[in-house]
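1. Provided below are the primary sequence and the corresponding predicted coordinates.
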Amino acid sequence: MDNLARPYRSVLYIPGSNERALEKAKTLPVDAIIFDLEDAVAIDAKDSARVTLAAALSAGGYGQRYQIVRLNGMDTDWGPKDLEVIAAVGPQAVLLPKVGSAAEIEAVAARLDAIPACAETRIWAMMETPQGILNAAEIAAAPRMGGFVMGTNDLAKELMTRFRADREPLLTSLQLCLLAARAAGIAIVDGVYNAFKDEAGLQVECDQGRDMGFDGKTLIHPAQVAVANAAFAPSEAEIELSKRQIEAFEAAEAEGKGVAVVDGKIVENLHIVTARQVLAKASAVAALEG
Ligand SMILES: CC(C)(COP(=O)(O)OP(=O)(O)OC[C@H]1O[C@@H](n2cnc3c(N)ncnc32)[C@H](O)[C@@H]1OP(=O)(O)O)[C@@H](O)C(=O)NCCC(=O)NCCSC(=O)C[C@H](O)C(=O)O
Ligand SMILES: [Mg+2]
């Protein structure tokens, strides 16, 4: 499935060091997995996690779930070794933390270009530093870019904000990254909701993220999957409306008109583009779930 056509409703982080979670993920209805070698892995476990993860990826079993590996930063003791070992198994995507500039993406892209197993490997970027947010447009347009992941914990730390349920202090950063991702035609998924037992709070954040235009949400626990899958899938009402809009617009066109009216609202060609995207997303979700 094409990078942008596939759903990214639920993107679950799994610590690369946690063999039980690595196994469990094969049974979870997530659209994508981030196998983490960065913040979820303790310093003493960095070297063993890399080996454990490379073996798990080679063994496979993750089905249609899109597989993204979060490496340690290339400026750390572990990052270059992570890239070497993970690249050898030809991952679908590598995710770079705390990206600040397009040059960082270009350097990793050049390394991947030299590895035949990585011909199709995409690069994703964690957007979680002030410098990265200010350079979002150039990062999104860099070679091999497949998507942005919002790192709202690091971002809140760097901006010195306080947690608010409405995320008002983070909205400018979230929207700058959305603009950059959409301009470059790459995917973008929202940050994690830390209180993984608070389903109502997660629901509010998922609805907000969906309204803003995110493709999905990053998650930290299996209990969060169902809420994200439902929030970022087209609803029955959206599917039904899209079908009626297409039908009405085609009828209007047949009569030589460029505008139809559905439920008292105008429907023009641009609305039909959105309606067809809704139906395509619904089909893609059904294909993954089927
Ligand atoms: C938060 C956790 C440490 C909780 O783990 P645990 O106490 O084991 O939870 P449960 O007992 O409720 O687990 C129930 C079962 O589910 C499995 N499990 C738990 N978490 C995961 C997971 N992430 N993926 C797959 N499976 C998972 C357990 O193994 C249990 O299975 P079973 O034995 O069959 O019952 C834990 O959830 C966790 O470690 N989560 C991930 C944390 C993480 O990845 N953090 C880093 C990413 S967030 C980040 O860095 C954001 C960004 O950079 C930013 O700046 O914002
Ligand atoms: Mg982070």
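-> Structure received. Please read all numbers here as calculations on a predicted model, not as lab measurements. Ligands and ions are numbered 1, 2, ... in the order given.
2. and for L174, the neighbour number?
-> 23 (other CB atoms under 10 Å). The way it works is simple: take the backbone N, C-alpha and C, and place the C-beta from them, glycine included.
3. and what of I133?
-> Residues lying near I133 (other CB under 10 Å) number 22.
4. element containing it?
-> helix 130-134 (DSSP states H and E).
5. now do that helix: which elements does it pack against?
-> When contacts are defined as 3 or more CB pairs under 8 Å, 6 or more residues apart in numbering; DSSP states H and E, helix 130-134 packs onto strand 122-127, helix 152-159, helix 171-184.
6. which stretch among those comes nearest ligand 2?
-> Minimum separation from ligand 2 across those (CB to the ion) falls at helix 152-159, 3.7 Å.
7. got the buried residues for that closest one?
-> Residues of helix 152-159 classed as buried by neighbour count (16 or more other CB atoms under 10 Å): 152, 154-156, 158-159.
8. helices or strands next to it in the packing?
-> Contact partners of helix 152-159 among helices and strands, from 3+ CB pairs under 8 Å, 6+ apart: helix 130-134.
9. buried ones in the helix it packs on?
-> Judged by neighbour count (16+ other CB under 10 Å), helix 130-134 contains these buried residues: 132-133.
10. out of the buried residues of helix 152-159, which touch ligand 2?
-> Subset of the buried residues of helix 152-159 in contact with ligand 2: D154, counting by CB under 5 Å from the ion.
11. reformat the helices and strands packed on helix 130-134 as JSON lines; add mean pLDDT.
-> Formatted as JSON lines, the helices and strands packed on helix 130-134 follow (pLDDT from 0 to 100):
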{"stretch": "strand 122-127", "mean pLDDT": "98"}
{"stretch": "helix 152-159", "mean pLDDT": "98"}
{"stretch": "helix 171-184", "mean pLDDT": "98"}
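12. now distance to D77 too, for these, in a markdown table please.
-> A markdown table is the format used below for those (distance: least, CB to CB, whole Å):
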| stretch | distance to D77 |
| --- | --- |
| strand 122-127 | 19 |
| helix 152-159 | 19 |
| helix 171-184 | 29 |
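13. as TSV, these with distance to ligand 1 would be great.
-> Output for these, formatted as TSV (distance: least, CB to the nearest ligand atom, whole Å):
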stretch	distance to ligand 1
strand 122-127	6
helix 152-159	3
helix 171-184	12
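14. give the buried residues for stretch 113-121.
-> Residues of stretch 113-121 classed as buried by neighbour count (16+ other CB under 10 Å): 118, 121.
15. give me the contact list for it.
-> 87-94, 112, 144 (CB atoms under 8 Å, 6 or more residues apart in numbering).
16. kindly report the residues of the chain close to ligand 2.
-> Residues of the chain lying near ligand 2 (CB under 5 Å from the ion): 128, 151, 154.
17. do that again at 6 Å, thanks
-> The chain comes close to ligand 2 at residues 39, 97, 126, 128, 151, 153-154, as judged by CB under 6 Å from the ion.
18. so where do the helices sit in the stretch 151-290 of the chain?
-> In the stretch 151-290 of the chain, the helices defined using DSSP state H, counting those that start in this stretch lie at 152-159, 171-184, 199-212, 225-231, 236-254, 269-289.
19. tell me which of the ones you listed sits most buried.
-> Among these, helix 225-231 has the highest mean neighbour count (mean count of other CB atoms under 10 Å), at a mean of 20.
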